[in-house]
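J.: Provide a 3D model corresponding to the input given below.
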Amino acid sequence: MDAPPETFDGARIRLRRSTPADARAIFRLAADPEVMRYLDWAAHESEADAKAYLDGCVESWESGLEYHWALEEPGTGTIVGCIAVRLEDGVADFGYFLGRAHWGRHFASEACGLLLGWLRGQPEVRRIQATTDFENERSARLLARLGLRLEGVRTAATIRPQLGGPRRDTRVYVLDREQP
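T.: Have a look, this model is predicted:
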């Protein structure tokens, strides 16, 4: 499978391959505990942590393990979030986050739609999936609107570092190649 495009352009959002130079903007968005609430990775403690993560994204892109894009608002170039997809054995697992100031503006739905459009066109991808915390109703509704179906709930499946406590239930949404 060929690497995905480095950019996707939509009406409201642009996906652009992320770079370590995006660390300040990404760190500022992810510094909001409400943004990080349901994510399954620990919040960065500094801009240097964000840069180290983005350095890893460059390596993952080159190896074909994971592709990571910054979400930019067209016209301003303001980074409003991120989206990434991991590819393994015909399965594309994607996730995203948006800064709170950008919620409700359809950036996530458009970004996910652009990525899903590309993934659907890849013959090697037989399954597309995304997970969300059981209590994250906003993401659950978005994934359903995008055409993914709720496959099930994994009980006590995921640690959400920002929430602490025991493992949490996780919803799994899928789009199989056989689906229309």
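
J.: only C-alpha atoms for contact and neighbour calcs from this point on.
T.: OK.

J.: can you pull out the strands in this protein?
T.: Ranges of strands in the chain, per DSSP state E, are 7-9, 14-17, 66-72, 79-88, 91-98, 127-133, 149-158, 168-176.

J.: Measure how the helix ranked longest in the chain sits relative to strand 79-88, angle-wise.
T.: In the chain, assigned by DSSP state H, the helix with the most residues is helix 47-63. Computed by axes from the mean of the first three to the mean of the last three CA atoms, to 10 degrees, the angle separating helix 47-63 from strand 79-88 equals 40 degrees.

J.: Now the lowest-mean-pLDDT helix or strand in the chain: buried residues?
T.: Within the chain, no helix or strand scores below helix 33-36, which has a mean of 89 by mean pLDDT, DSSP states H and E. For helix 33-36, the neighbour count (16 or more other CA atoms under 10 Å) marks 35-36 as buried.

J.: so how far is it off the chain centroid?
T.: Its chain's C-alpha centre and that of helix 33-36 lie 14 Å apart, by CA atoms, centre = their mean, to the nearest Å.

J.: same question, stretch 162-173
T.: On the basis of CA atoms, centre = their mean, stretch 162-173 sits 17 Å off its chain's mean C-alpha point.

J.: That one: end-to-end distance?
T.: Chord length of stretch 162-173, first to last residue, is 22 Å (CA to CA, to the nearest Å).

J.: What are the contacting residues of it?
T.: 33, 36-39, 42-43, 129-134, 140, 143-144, 148-160 (CA atoms under 8 Å, 6 or more residues apart in numbering).

J.: Just the buried residues from those, in ChimeraX please.
T.: To isolate the buried members of the contacts of stretch 162-173 in ChimeraX, using 16+ other CA under 10 Å:
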select :36,37,38,39,43,129,130,131,132,133,134,140,143,148,149,150,153,158,159,160
